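Undergrad: Predicted model and sequence follow; I will ask about them next.
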Amino acid sequence: MIIQLKSDANSQQIEAINQALADRSYKANPVSTQHRNYLVAIGKSEIDIRSIGVLEGIADIHRVSDQYKLVSKKWKLKDTVIDLGDGVNIGSGDFAVMAGPCSIEGEEQVESTVEHLASNGVRIMRGGVYKPRSSPYSFRGLGQEGLKMFHRLCSAKSIKIITEVMQVSQIKEMFDFVDIFQVGARNSQNFNLLDALGEVDKPVLLKRGISGTVDELLFAAEYIFSNGNEKIMLCERGIRSYEKAYRNTLDLNAIPILKERTHLPVIVDPSHGIGLRKYVEPMALAGIMAGADGIIVEVHEQPEKAFSDGQQTLNYKEAEILYRKMKDCFRLRESW
(Lines give C-alpha, C1' and ligand atoms only; values in the text may rest on other atoms or scores of the structure.)
Protein backbone atom coordinates (compact mmCIF):
# COMPACT_ATOMS: atom_id res chain seq x y z
CA MET A 1 0.00 0.00 0.00
CA ILE A 2 0.97 3.65 -0.38
CA ILE A 3 0.38 6.05 2.49
CA GLN A 4 0.54 9.76 1.77
CA LEU A 5 1.50 11.65 4.90
CA LYS A 6 0.18 15.06 5.80
CA SER A 7 2.68 17.86 5.32
CA ASP A 8 2.59 18.59 9.04
CA ALA A 9 2.77 14.97 10.22
CA ASN A 10 5.07 14.83 13.25
CA SER A 11 7.52 12.16 14.33
CA GLN A 12 5.18 10.72 16.98
CA GLN A 13 2.39 10.27 14.43
CA ILE A 14 4.74 8.64 11.93
CA GLU A 15 6.09 6.32 14.62
CA ALA A 16 2.54 5.29 15.51
CA ILE A 17 1.79 4.55 11.84
CA ASN A 18 4.97 2.48 11.52
CA GLN A 19 4.08 0.53 14.64
CA ALA A 20 0.56 -0.15 13.39
CA LEU A 21 2.00 -1.48 10.15
CA ALA A 22 4.58 -3.60 11.98
CA ASP A 23 1.81 -5.08 14.14
CA ARG A 24 0.20 -6.26 10.90
CA SER A 25 3.49 -7.69 9.56
CA TYR A 26 4.01 -4.84 7.11
CA LYS A 27 7.31 -3.08 6.53
CA ALA A 28 7.15 0.67 5.97
CA ASN A 29 9.61 2.22 3.52
CA PRO A 30 9.77 6.03 3.84
CA VAL A 31 9.96 8.01 0.60
CA SER A 32 10.33 11.80 0.45
CA THR A 33 9.96 13.50 -2.94
CA GLN A 34 9.72 17.03 -4.31
CA HIS A 35 5.99 16.98 -3.60
CA ARG A 36 5.14 14.70 -0.69
CA ASN A 37 6.23 12.30 2.00
CA TYR A 38 5.08 8.72 1.62
CA LEU A 39 5.28 5.37 3.33
CA VAL A 40 5.39 2.44 0.93
CA ALA A 41 4.15 -0.48 3.00
CA ILE A 42 5.03 -4.01 1.91
CA GLY A 43 3.39 -7.09 3.38
CA LYS A 44 1.82 -10.40 2.42
CA SER A 45 -1.33 -10.50 4.51
CA GLU A 46 -4.62 -8.86 3.55
CA ILE A 47 -5.63 -6.06 5.90
CA ASP A 48 -8.41 -3.52 6.07
CA ILE A 49 -6.60 -0.35 5.05
CA ARG A 50 -9.24 1.71 6.85
CA SER A 51 -7.71 0.55 10.12
CA ILE A 52 -4.53 2.36 9.09
CA GLY A 53 -6.13 5.28 7.26
CA VAL A 54 -7.85 6.58 10.41
CA LEU A 55 -4.50 7.22 12.11
CA GLU A 56 -3.38 10.81 12.64
CA GLY A 57 -0.87 12.20 10.18
CA ILE A 58 -2.24 10.37 7.13
CA ALA A 59 -3.57 12.40 4.20
CA ASP A 60 -4.55 9.43 2.04
CA ILE A 61 -4.01 5.70 1.72
CA HIS A 62 -4.15 3.42 -1.33
CA ARG A 63 -4.04 -0.31 -1.86
CA VAL A 64 -1.62 -1.05 -4.75
CA SER A 65 -1.23 -4.68 -5.77
CA ASP A 66 1.47 -4.01 -8.37
CA GLN A 67 5.01 -4.80 -7.24
CA TYR A 68 6.07 -1.41 -8.57
CA LYS A 69 4.05 0.83 -6.25
CA LEU A 70 4.85 4.50 -6.76
CA VAL A 71 4.82 4.49 -10.57
CA SER A 72 1.59 2.47 -10.68
CA LYS A 73 -1.55 4.17 -11.96
CA LYS A 74 -3.65 2.46 -9.30
CA TRP A 75 -3.16 5.17 -6.70
CA LYS A 76 -2.96 8.35 -8.85
CA LEU A 77 -6.19 10.15 -9.72
CA LYS A 78 -4.45 12.22 -12.38
CA ASP A 79 -1.55 11.43 -14.69
CA THR A 80 1.78 13.09 -13.98
CA VAL A 81 2.59 16.28 -15.86
CA ILE A 82 6.24 17.34 -16.18
CA ASP A 83 6.54 21.13 -15.99
CA LEU A 84 9.81 22.36 -17.53
CA GLY A 85 8.94 26.03 -17.02
CA ASP A 86 8.27 28.74 -19.61
CA GLY A 87 5.02 27.05 -20.58
CA VAL A 88 6.64 23.76 -21.61
CA ASN A 89 4.71 20.78 -20.21
CA ILE A 90 4.82 17.06 -20.95
CA GLY A 91 1.92 14.73 -20.28
CA SER A 92 -1.86 14.73 -19.75
CA GLY A 93 -2.91 16.53 -22.92
CA ASP A 94 0.28 18.48 -23.60
CA PHE A 95 1.98 16.83 -26.56
CA ALA A 96 5.78 17.20 -26.54
CA VAL A 97 8.21 17.18 -29.44
CA MET A 98 11.91 16.74 -28.71
CA ALA A 99 14.18 17.02 -31.72
CA GLY A 100 17.84 17.44 -32.55
CA PRO A 101 20.95 15.56 -33.55
CA CYS A 102 22.27 12.34 -32.11
CA SER A 103 25.50 14.12 -31.13
CA ILE A 104 26.38 17.73 -30.42
CA GLU A 105 29.16 18.34 -32.93
CA GLY A 106 29.94 22.06 -32.69
CA GLU A 107 28.63 25.59 -32.27
CA GLU A 108 27.49 26.13 -35.85
CA GLN A 109 25.52 22.91 -35.80
CA VAL A 110 23.75 23.86 -32.56
CA GLU A 111 22.98 27.38 -33.80
CA SER A 112 21.48 25.98 -37.00
CA THR A 113 19.40 23.40 -35.14
CA VAL A 114 18.15 25.96 -32.61
CA GLU A 115 16.97 28.23 -35.42
CA HIS A 116 15.25 25.30 -37.11
CA LEU A 117 13.46 24.27 -33.91
CA ALA A 118 12.47 27.80 -32.91
CA SER A 119 11.00 28.51 -36.34
CA ASN A 120 8.88 25.34 -36.06
CA GLY A 121 7.68 25.86 -32.50
CA VAL A 122 9.69 22.96 -31.05
CA ARG A 123 10.63 23.80 -27.47
CA ILE A 124 12.92 20.90 -26.51
CA MET A 125 16.25 20.04 -28.19
CA ARG A 126 17.87 16.65 -27.86
CA GLY A 127 21.59 16.10 -28.35
CA GLY A 128 24.28 13.98 -26.80
CA VAL A 129 27.50 15.32 -25.32
CA TYR A 130 28.48 12.00 -23.73
CA LYS A 131 27.83 9.25 -26.26
CA PRO A 132 27.82 5.52 -25.49
CA ARG A 133 29.00 3.94 -28.73
CA SER A 134 29.35 0.32 -29.73
CA SER A 135 32.85 0.98 -31.04
CA PRO A 136 35.46 2.76 -28.88
CA TYR A 137 36.75 4.43 -32.06
CA SER A 138 33.48 6.22 -32.87
CA PHE A 139 32.81 9.86 -31.95
CA ARG A 140 31.91 9.92 -28.27
CA GLY A 141 30.82 13.53 -27.76
CA LEU A 142 32.17 16.94 -26.75
CA GLY A 143 31.74 16.44 -23.02
CA GLN A 144 31.12 19.13 -20.44
CA GLU A 145 32.40 22.05 -22.52
CA GLY A 146 30.10 20.99 -25.35
CA LEU A 147 27.20 20.89 -22.89
CA LYS A 148 27.90 24.44 -21.70
CA MET A 149 27.87 25.68 -25.28
CA PHE A 150 24.71 23.69 -26.00
CA HIS A 151 23.01 25.23 -22.95
CA ARG A 152 24.08 28.78 -23.77
CA LEU A 153 22.71 28.71 -27.31
CA CYS A 154 19.44 26.98 -26.38
CA SER A 155 18.78 29.27 -23.41
CA ALA A 156 19.04 32.31 -25.68
CA LYS A 157 16.00 31.01 -27.61
CA SER A 158 14.09 29.61 -24.57
CA ILE A 159 14.60 26.06 -25.79
CA LYS A 160 14.90 23.30 -23.20
CA ILE A 161 17.65 20.67 -23.30
CA ILE A 162 17.53 16.89 -22.98
CA THR A 163 20.85 15.04 -22.99
CA GLU A 164 22.16 11.70 -21.79
CA VAL A 165 23.92 11.18 -18.48
CA MET A 166 26.23 8.17 -18.45
CA GLN A 167 27.37 7.83 -14.86
CA VAL A 168 26.78 9.08 -11.33
CA SER A 169 29.84 11.33 -11.33
CA GLN A 170 28.45 13.39 -14.25
CA ILE A 171 25.17 14.36 -12.58
CA LYS A 172 26.50 17.21 -10.45
CA GLU A 173 28.55 18.85 -13.21
CA MET A 174 25.69 18.55 -15.71
CA PHE A 175 22.89 19.63 -13.39
CA ASP A 176 22.89 23.38 -14.09
CA PHE A 177 23.03 22.90 -17.86
CA VAL A 178 20.22 20.42 -18.55
CA ASP A 179 16.45 20.48 -18.29
CA ILE A 180 15.95 16.71 -18.66
CA PHE A 181 18.44 13.98 -17.86
CA GLN A 182 18.19 11.11 -20.33
CA VAL A 183 18.99 7.57 -19.24
CA GLY A 184 19.87 5.55 -22.32
CA ALA A 185 18.93 1.97 -23.09
CA ARG A 186 22.34 0.69 -22.00
CA ASN A 187 21.90 2.24 -18.56
CA SER A 188 18.25 1.38 -17.97
CA GLN A 189 19.24 -1.05 -15.22
CA ASN A 190 22.23 0.84 -13.90
CA PHE A 191 20.69 0.98 -10.46
CA ASN A 192 23.42 3.15 -8.96
CA LEU A 193 22.69 5.78 -11.61
CA LEU A 194 18.91 5.45 -11.13
CA ASP A 195 19.30 5.83 -7.35
CA ALA A 196 21.40 8.97 -7.82
CA LEU A 197 18.94 10.52 -10.28
CA GLY A 198 16.24 9.92 -7.70
CA GLU A 199 18.03 12.32 -5.40
CA VAL A 200 17.97 15.31 -7.77
CA ASP A 201 15.14 17.72 -8.55
CA LYS A 202 15.32 17.45 -12.31
CA PRO A 203 13.14 15.52 -14.81
CA VAL A 204 14.44 12.18 -16.08
CA LEU A 205 13.58 10.46 -19.35
CA LEU A 206 14.15 6.74 -18.86
CA LYS A 207 14.60 4.68 -22.01
CA ARG A 208 13.59 1.04 -22.18
CA GLY A 209 16.48 -1.40 -22.18
CA ILE A 210 17.49 -2.91 -25.50
CA SER A 211 16.06 -6.27 -24.40
CA GLY A 212 14.01 -5.00 -21.48
CA THR A 213 10.43 -5.91 -20.67
CA VAL A 214 7.68 -3.45 -19.77
CA ASP A 215 7.87 -4.58 -16.14
CA GLU A 216 11.64 -4.04 -16.05
CA LEU A 217 11.14 -0.50 -17.35
CA LEU A 218 8.56 0.21 -14.64
CA PHE A 219 10.79 -1.25 -11.92
CA ALA A 220 13.65 0.96 -13.16
CA ALA A 221 11.36 3.99 -12.86
CA GLU A 222 10.43 2.84 -9.35
CA TYR A 223 14.11 3.10 -8.36
CA ILE A 224 14.10 6.78 -9.33
CA PHE A 225 10.75 7.58 -7.68
CA SER A 226 11.55 5.69 -4.46
CA ASN A 227 14.69 7.77 -4.03
CA GLY A 228 12.74 11.02 -4.16
CA ASN A 229 12.24 12.14 -7.77
CA GLU A 230 8.68 12.08 -9.13
CA LYS A 231 9.60 13.81 -12.42
CA ILE A 232 9.96 10.76 -14.64
CA MET A 233 9.10 10.02 -18.28
CA LEU A 234 9.24 6.59 -19.88
CA CYS A 235 10.55 6.10 -23.42
CA GLU A 236 9.83 3.25 -25.82
CA ARG A 237 12.80 3.20 -28.19
CA GLY A 238 12.67 -0.24 -29.71
CA ILE A 239 13.91 -3.58 -28.47
CA ARG A 240 16.35 -6.03 -30.01
CA SER A 241 14.80 -8.95 -31.86
CA TYR A 242 15.94 -11.49 -34.44
CA GLU A 243 14.70 -9.24 -37.29
CA LYS A 244 17.49 -7.88 -39.53
CA ALA A 245 15.44 -5.66 -41.86
CA TYR A 246 15.67 -2.71 -39.44
CA ARG A 247 17.75 -1.61 -36.46
CA ASN A 248 15.31 -2.39 -33.63
CA THR A 249 11.70 -3.47 -33.21
CA LEU A 250 9.65 -0.46 -32.09
CA ASP A 251 7.21 -2.02 -29.66
CA LEU A 252 4.02 -0.05 -30.22
CA ASN A 253 2.21 -2.61 -28.06
CA ALA A 254 4.04 -1.18 -25.06
CA ILE A 255 2.51 2.28 -25.34
CA PRO A 256 -1.14 1.52 -24.45
CA ILE A 257 0.07 -1.02 -21.88
CA LEU A 258 2.23 1.61 -20.20
CA LYS A 259 -0.52 4.21 -20.37
CA GLU A 260 -2.79 1.74 -18.56
CA ARG A 261 -0.27 0.72 -15.92
CA THR A 262 1.47 3.97 -15.02
CA HIS A 263 0.65 7.62 -14.43
CA LEU A 264 3.99 8.69 -15.94
CA PRO A 265 4.22 10.31 -19.42
CA VAL A 266 5.19 7.96 -22.25
CA ILE A 267 7.50 9.13 -25.04
CA VAL A 268 8.25 7.30 -28.30
CA ASP A 269 11.62 7.36 -30.08
CA PRO A 270 10.98 6.25 -33.69
CA SER A 271 14.53 7.13 -34.81
CA HIS A 272 16.16 4.45 -32.69
CA GLY A 273 13.02 2.35 -32.84
CA ILE A 274 13.39 1.50 -36.51
CA GLY A 275 16.76 3.02 -37.42
CA LEU A 276 15.87 3.87 -41.03
CA ARG A 277 15.14 7.46 -42.04
CA LYS A 278 12.36 6.71 -44.55
CA TYR A 279 10.29 4.91 -41.92
CA VAL A 280 10.69 7.33 -39.02
CA GLU A 281 7.64 9.37 -40.01
CA PRO A 282 5.08 6.54 -40.13
CA MET A 283 6.39 5.07 -36.87
CA ALA A 284 6.20 8.47 -35.15
CA LEU A 285 2.60 8.90 -36.27
CA ALA A 286 1.77 5.34 -35.21
CA GLY A 287 3.25 6.09 -31.79
CA ILE A 288 0.98 9.10 -31.42
CA MET A 289 -2.11 7.11 -32.37
CA ALA A 290 -1.08 4.42 -29.88
CA GLY A 291 -1.29 7.03 -27.10
CA ALA A 292 2.19 8.56 -26.69
CA ASP A 293 2.53 11.85 -24.81
CA GLY A 294 5.46 12.92 -26.98
CA ILE A 295 7.97 12.03 -29.66
CA ILE A 296 11.76 12.32 -29.53
CA VAL A 297 13.29 12.32 -33.00
CA GLU A 298 16.75 12.81 -34.50
CA VAL A 299 17.17 15.81 -36.81
CA HIS A 300 20.29 17.17 -38.55
CA GLU A 301 20.83 19.80 -41.24
CA GLN A 302 22.80 17.28 -43.33
CA PRO A 303 22.23 13.74 -41.99
CA GLU A 304 24.70 12.26 -44.45
CA LYS A 305 27.44 14.27 -42.71
CA ALA A 306 26.30 13.58 -39.14
CA PHE A 307 28.97 12.24 -36.77
CA SER A 308 26.58 9.49 -35.64
CA ASP A 309 23.25 7.86 -36.56
CA GLY A 310 22.90 9.67 -39.88
CA GLN A 311 20.99 6.74 -41.38
CA GLN A 312 18.05 7.30 -39.03
CA THR A 313 18.15 11.11 -38.88
CA LEU A 314 15.73 13.43 -40.68
CA ASN A 315 16.89 16.55 -42.51
CA TYR A 316 15.19 19.86 -41.80
CA LYS A 317 12.67 19.60 -44.63
CA GLU A 318 11.66 16.08 -43.65
CA ALA A 319 11.40 17.15 -40.02
CA GLU A 320 9.19 20.15 -40.83
CA ILE A 321 6.76 17.89 -42.66
CA LEU A 322 6.75 15.49 -39.71
CA TYR A 323 6.10 18.27 -37.16
CA ARG A 324 2.97 19.32 -39.07
CA LYS A 325 1.73 15.77 -39.45
CA MET A 326 2.32 15.00 -35.77
CA LYS A 327 0.26 18.03 -34.71
CA ASP A 328 -2.57 16.97 -37.01
CA CYS A 329 -2.35 13.38 -35.81
CA PHE A 330 -2.46 14.41 -32.15
CA ARG A 331 -5.46 16.69 -32.72
CA LEU A 332 -7.24 13.84 -34.49
CA ARG A 333 -6.51 11.45 -31.64
CA GLU A 334 -7.72 13.92 -29.01
CA SER A 335 -10.96 14.53 -30.93
CA TRP A 336 -12.00 10.87 -30.77
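TA: Sure thing, it's come through.
Undergrad: May I have the residues that are in contact with the residue nearest to W75 when sequence neighbours are not counted?
TA: Leaving aside its sequence neighbours, W75 sits nearest to H62 (Cβ to Cβ, 6 or more residues apart in numbering; 3.6 Å). Backbone N, C-alpha and C define where each C-beta goes, glycine included. By Cβ atoms under 8 Å, 6 or more residues apart in numbering, the residues touching H62 are 1-4, 49, 74-75.
Undergrad: Those residues, buried ones only, as a PyMOL selection?
TA: Here is the PyMOL command that selects only those of the contacts of H62 that count as buried (16 or more other Cβ atoms under 10 Å):
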select buried, resi 1+2+3+4+75
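Undergrad: what's the closest of the contacts of H62 to V168?
TA: Top of the list for closeness to V168, among the contacts of H62 and by Cβ to Cβ, is I2 at 27.4 Å.
Undergrad: so can I have CSV of the contacts of H62 showing distance to L234 and secondary structure?
TA: CSV is the format used below for the contacts of H62 (distance: Cβ to Cβ, whole Å; DSSP: H, G, I helix; E, B strand; the rest coil):
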residue, distance to L234, secondary structure
M1, 23, coil
I2, 19, strand
I3, 25, strand
Q4, 22, strand
I49, 28, coil
K74, 16, helix
W75, 17, helix
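Undergrad: Provide the backbone phi and psi angles at the closest residue to S188 other than its chain neighbours.
TA: Nearest residue to S188 in three dimensions, chain neighbours excluded: G209, at 3.9 Å (Cβ to Cβ, 6+ apart). Backbone geometry at G209, expressed as degrees, to the nearest 10, gives phi -60, psi 150.
Undergrad: so N89 sits in a helix?
TA: No - with DSSP: H, G, I helix; E, B strand; the rest coil as the criterion, N89 is strand rather than part of a helix.
Undergrad: Name the SS class of D8, please.
TA: Recorded secondary structure, D8: coil (three-state DSSP).
Undergrad: wait, isn't A292 in contact with I267?
TA: Yes - with contact defined as Cβ atoms under 8 Å, A292 counts as touching I267 (6.4 Å).
Undergrad: overlap in contacts of those two?
TA: Jointly contacting A292 and I267 under the rule Cβ under 8 Å, 6+ apart are E236.
Undergrad: which of the two has more neighbours?
TA: Neighbour totals were compared for A292 and I267, and A292 leads with 29 against 26 (other Cβ atoms under 10 Å).
Undergrad: list the contacts for A292?
TA: For A292, the contact set (Cβ under 8 Å, 6+ apart) comprises 236, 255, 266-268.
Undergrad: Now do the lengthiest helix in the chain: everything it contacts.
TA: For the chain, the longest helix by residue count, based on DSSP state H, is helix 316-335. Among residues not part of helix 316-335, those counted as contacts by Cβ under 8 Å, 6+ apart are 93, 95, 97, 99, 116, 120-122, 277, 280-281, 284-285, 288-289, 291, 295, 297, 299, 301, 314.
Undergrad: So which of those belong to helices?
TA: 116, 277, 280-281, 284-285, 288-289.
Undergrad: S135: which of those residues is nearest?
TA: R277 (21.2 Å).
Undergrad: Which residue, neighbours along the chain excluded, lies closest to that closest one?
TA: Leaving aside its sequence neighbours, R277 sits nearest to Q312 (Cβ to Cβ, 6+ apart; 5.7 Å).
Undergrad: Run a quick neighbour tally on that neighbour.
TA: 26.
Undergrad: ok, it - contacts?
TA: Q312 makes contacts with 247, 271-272, 274-277, 280, 298, as judged by Cβ under 8 Å, 6+ apart.
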